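Colleague: predicted model and sequence below, questions to follow.
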Amino acid sequence: MDTDDNLTKQIEEVEALTSIYTDDFIIDSETHRSYSIKIKDNNNEVILSVTMPSNYPLQAPPKYEFSAPWMDRKAKENLRYSLEEVYLENIGETVIFQWVEKIRETLQKIKPQKEDKKEKAIVVETLDLSQLNINCPDITHGEVIIDRKSSFQGHAAEVHSLDDVTAVLFKLKQNKKIQNATHNMYAYRIERQAAKGTTILQDCDDDGESHAGGRMLHLLQILDQKNTLVVVSRWYGGIQLGPDRFRHINNATRQVIQQAGLLKK
């Protein structure tokens, strides 16, 4: 029975990881249940390779190794210690998603984000839309995804400035249903012309759903989206969804971008 339970959990985890990380999740060997995940933040990249033994996750951890030639020995030791700590905190549970996010968290600490922090802050609640010398961009509302009483809906708009982003967020929150959502996560990427060429202004917000905004931004990066803002509203139904919530957020993000005609070919 344990063997069947382990296999079921492994299959569910692979499905979730495939949905969350898409092209960055690679099946090395389905027979040996070996996989690789590419984790990148700015110019730093780590490739995590994992193999799921038959007694994972209930009785044993996955076997793993990571490739990071740029990382010194001490940093690698610290990262290994962090991954082992994550496993010890989640014995008997699937941990590969937590490992990937721990690595991403480590990369973010190594090198700060390049965005202009002065332009980063957006305080939607205190801004009056009438103060903005722009028209609010058109907003496309995606289909509602429902799972175990939780609902997810994406909203997308073409944006070319932080004022555009602020206007869209402000307008969405004029809708009482959206304003009362448990979480309104968002991510955006804006292409800008600079003296040294084209730059990308990007940011995200979890709105209380840990890692959700970062995952949405990561998807926009993978799709090479430009001048795109995506908001995903979630109404919590009282039943925890685990990693499935990220699959729904990911699907809502991709679906509404495509529906809005913003998905790059």
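Modeller: That came in fine, so what should we check first? Since we're looking at a predicted model, the values are computed, not measured.
Colleague: so which bits of the helix or strand containing Gln258 are buried?
Modeller: For Gln258, the element it lies in under DSSP states H and E is helix 244-259. Judged by neighbour count (16 or more other C-beta atoms under 10 Å), helix 244-259 contains these buried residues: 244-257. Glycine gets a C-beta too; all of them are placed from N, C-alpha and C.
Colleague: what's the span of stretch 225-243, first residue to last?
Modeller: From its first residue to its last, stretch 225-243 covers 24 Å (C-alpha to C-alpha, to the nearest Å).
Colleague: how far off centre is that stretch?
Modeller: 10 Å (C-alpha atoms, centre = their mean, to the nearest Å).
Colleague: distance check, Asp24 against Gly214.
Modeller: From Asp24 across to Gly214, the span is 13 Å (C-beta to C-beta, to the nearest Å).
Colleague: same thing with Ser233?
Modeller: Relative to Gly214, and taking C-beta to C-beta, Ser233 is found at 17 Å.
Colleague: which one's more surrounded, the two?
Modeller: Between Ser233 and Gly214, counted using other C-beta atoms under 10 Å, the more crowded position is Ser233 (26 against 19).
Colleague: the more buried one pairs with what?
Modeller: Applying DSSP bridges to Ser233 gives these bridge partners: Gln153, Asn184.
Colleague: against Arg73, how distant is it?
Modeller: 45 Å.
Colleague: go on, Ser36?
Modeller: 22 Å.
Colleague: settle it for me: which of those two has more neighbours?
Modeller: Each of Ser36 and Arg73 has its neighbours counted (other C-beta under 10 Å); Ser36 has more, 16 against 7.
Colleague: Arg234 against Tyr186, yeah?
Modeller: No - look at Arg234 against Tyr186 with C-beta atoms under 8 Å: they stay out of range, at 11.8 Å.
Colleague: comparing those two, which residue is more hemmed in?
Modeller: Tyr186 (27 against 24).
Colleague: where does the more buried one land in three-state SS?
Modeller: With DSSP: H, G, I helix; E, B strand; the rest coil as the basis, Tyr186 sits in strand.
Colleague: and Phe97, how many neighbours does it have?
Modeller: Applying other C-beta under 10 Å, I find that Phe97 has 18 neighbouring residues.
Colleague: roughly how far apart are the residue lying closest to it once chain neighbours are set aside and Leu217?
Modeller: Leaving aside its sequence neighbours, Phe97 sits nearest to Pro243 (C-beta to C-beta, 6 or more residues apart in numbering; 5.4 Å). To Leu217, Pro243 is 18 Å away according to C-beta to C-beta.
Colleague: strands along the stretch 101-250 of the chain, start to end?
Modeller: Ranges of strands in the stretch 101-250 of the chain, per DSSP state E, counting those that start in this stretch, are 140-147, 150-158, 183-194, 197-205, 228-235.
Colleague: of those, which is nearest Glu77?
Modeller: Closest approach to Glu77 among the strands of the stretch 101-250 of the chain is made by strand 197-205 (30.5 Å; C-beta to C-beta).
Colleague: sorry, back to before: dump the buried residues of helix 244-259 into TSV; add pLDDT and distance to Asp147 as well.
Modeller: Shown next, in TSV, are the buried residues of helix 244-259 (pLDDT from 0 to 100; distance: C-beta to C-beta, whole Å):
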residue	pLDDT	distance to Asp147
Asp244	89	6
Arg245	89	8
Phe246	90	12
Arg247	91	9
His248	93	6
Ile249	93	11
Asn250	92	13
Asn251	93	10
Ala252	94	11
Thr253	94	15
Arg254	93	16
Gln255	94	14
Val256	94	17
Ile257	95	20
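Colleague: looking at the residues you listed, which is nearest Glu158?
Modeller: Ile257 (10.2 Å).
Colleague: what's the burial count for the closest residue in space to the closest one that isn't next to it in sequence?
Modeller: Spatially, and ignoring its direct neighbours in sequence, Ile257 is nearest to Leu263 (4.8 Å; C-beta to C-beta, 6+ apart). Residues lying near Leu263 (other C-beta under 10 Å) number 15.
Colleague: fine by me, thanks again.
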